[in-house]
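# Sharing a model that was predicted from the sequence below.
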Amino acid sequence: MPRPVTIVTGGSRGIGAATCVRLAADGHDLALGYVSNSAAAEATADAVRAAGGRCVVVRADASEEADVERLFDFAAAELGPVTGLVNNAGVTGPLTSLADARTEDLRRVLDVNLLGYLLCCRRAARDMAAQGHGAIVNVSSAAATLGSPGEYVHYAATKAATDALTVGLAKELGPHGIRVNAVAPGTITTETHAAMGDPDRPARIAALTPLGRPGEPSEIAGAVSWLLSADASYTTGTVLRVAGGR
Ligand code: NAP
C-alpha cells in the first residue's frame, strides 16, 4: 500500500503542527502549508521527518486561489496523488463585540476560515473524485454552537458554515468514495489566544469546561488522524466535538 499523502493547511504551528507530526507517526507523508512563519514551518517539517514521514513545506495563503492551486500541485508533484486534506488554517482577529469589529477583520476571518476552506475542498474534490477515493477533515470549533458572544460571533459564524460545508460536501462526494468530516475543538492551548489579545483565555475557560482544563493540540490531532484512517471508513458527514464536555 502506498503511504497516504495529506495536505495540512496552517501546519506550521498549533493544532496544525501537532496534526502533521501525528499523521507522520501514523504513516502519512505531508504537505505543510503556512502563510508567514517559515521558521515554525521548517521546525514542524523536521519533526514530521523525525516521526518517519516525508514532508514538503509550501508558503500558501489558504484564502488565495493561486496559492491553494500551487500547494496542491506541488504536493502531488513531490509526494504523489493527494489522498487527504486537513483544512486547518484559521484566524479569529481581535476579541471584540460585533458592534466594535472592524470591517477589515471581519473580511479576513471570512476569507481565511470560509473561502479558504472552500477553495481547498474544491481542489480536493476535483483531484480525489478523479482518483475515486480520499478523505477531508475540516477543523471547525465548538464556537459554531456556542456562538462566542462578546468575543467573535463572526468567527463562530464561519465555523458554523464549516459544519454545513462538511455535511453537504459529504453527501456530494460520498458517491465518489470521498469522506468529509469535521473536528470541533474546544479551547486548546495554542498561540491563537495571545494573537487575539488574551493569552490567559485557555486558563479562564477551563473553569467553564467539565473536564476542568484546556485541551492540548495533540488531543485534536488524534481525532483528525482517526477520521482520516481506515478505522473511520464508514464515517462521513460528522462533526466530532473534542471540547472537554463543553
Ligand atoms: P494558531 O496556533 O494561531 O496557528 C494558526 C496556523 O494557521 C498557523 O500555522 C498559521 O501559519 C496558519 N495560518 C493563518 N492564516 C493562514 C492563511 N491565510 N493561510 C495559511 N495558513 C494560515 O491556531 P490554532 O489555535 O492551532 O488553530 C488551528 C485551527 O483550529 C483554526 O481553524 C482554529 O479556528 C481552530 N480552533 C482552534 C481552537 C483553539 O482554542 N486553539 C479552538 C477551536 C478551533 P503561520 O505560522 O505562517 O502564521
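Ah, there it is.
# ok, which residues in the protein are in contact with the ligand?
Counting by C-beta under 6 Å from any ligand atom, the chain comes close to the ligand at 9-10, 12-16, 33-37, 40, 61-63, 88-91, 112, 139, 141, 185, 187-188, 190-192, 195. C-betas here are computed from N, CA, C, even on glycine.
# Thr6: what secondary structure?
Under the three-state scheme (DSSP: H, G, I helix; E, B strand; the rest coil), Thr6 adopts strand.
# what about the nearest residue to it once chain neighbours are set aside, distance to Ala125?
What sits nearest to Thr6 in space, not counting adjacent residues and going by C-beta to C-beta, 6 or more residues apart in numbering, is Gly84, at 3.4 Å. Distance, Gly84 to Ala125, using C-beta to C-beta, to the nearest Å: 13 Å.
# So which of the residues of the chain next to the ligand are in strands?
Gly33, Tyr34, Val139, Pro185 (DSSP state E).
# what about Gly84 and Ala125, which has more around it?
Gly84 (26 against 19; other C-beta atoms under 10 Å).
# His28 is in contact with that one, correct?
Yes: applying C-beta atoms under 8 Å, one finds Gly84 in contact with His28, separated by 6.8 Å.
# Find residues that contact each of those two.
Both Gly84 and His28 are contacted by Pro4, Val5, Thr6, Leu228, under the criterion C-beta atoms under 8 Å, 6 or more residues apart in numbering.
# Mind picking the two most distant members of the residues you listed?
The distance between the two most remote of the shared contacts of Gly84 and His28 (C-beta to C-beta) is 11.2 Å, for Val5 and Leu228.
# List the residues that are in contact with both of those two.
His28, Gly84.
# The two: which is more packed in?
Neighbours were counted for Val5 and for Leu228 using other C-beta under 10 Å; Leu228 has more, 25 against 22.
# The more buried one and Val180: what is the separation?
Leu228 is 11 Å from Val180, by C-beta to C-beta.
# which residues do those two both contact?
Common neighbours of Leu228 and Val180 (C-beta under 8 Å, 6+ apart) are Ala135.
# For Ala43, pull up the helix or strand it's in.
Using DSSP states H and E, Ala43 sits in helix 38-50.
# hmm, what's the outermost residue in the protein?
Computed with C-alpha atoms, centre = their mean, the residue of the chain farthest from its C-alpha average is Ala99, at 28.1 Å.
# that older thread, dump the shared contacts of Gly84 and His28 to a markdown table, plus pLDDT.
As requested, those are exported to a markdown table (pLDDT from 0 to 100):
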| residue | pLDDT |
| --- | --- |
| Pro4 | 98 |
| Val5 | 98 |
| Thr6 | 99 |
| Leu228 | 98 |
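# Let me know the distance separating the residue positioned nearest the centre of the chain from Ala18.
In the chain, the centroid-proximal residue (C-alpha atoms, centre = their mean) is Asn88; its distance is 1.7 Å. Counting by C-beta to C-beta, the gap from Asn88 to Ala18 is 10 Å.
# Let's test this: mean pLDDT of the helix holding Ala43, rounded?
Confidence for helix 38-50, expressed as mean pLDDT, is 98.
# Output it as PDB, restricted to C-alpha atoms.
Extracted in PDB, the C-alpha atoms of helix 38-50 (Å, rounded to 0.1, in the frame of the first residue of the first chain):
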ATOM      1  CA  SER A  38       8.700  29.900   7.800                       C
ATOM      2  CA  ALA A  39      10.900  29.100  10.900                       C
ATOM      3  CA  ALA A  40       7.900  27.400  12.600                       C
ATOM      4  CA  ALA A  41       7.100  25.600   9.300                       C
ATOM      5  CA  GLU A  42      10.600  24.200   8.900                       C
ATOM      6  CA  ALA A  43      10.700  23.200  12.600                       C
ATOM      7  CA  THR A  44       7.500  21.200  12.200                       C
ATOM      8  CA  ALA A  45       8.700  19.700   9.000                       C
ATOM      9  CA  ASP A  46      11.800  18.500  10.800                       C
ATOM     10  CA  ALA A  47       9.500  16.900  13.500                       C
ATOM     11  CA  VAL A  48       7.500  15.200  10.700                       C
ATOM     12  CA  ARG A  49      10.600  13.700   9.200                       C
ATOM     13  CA  ALA A  50      11.800  12.600  12.600                       C
END
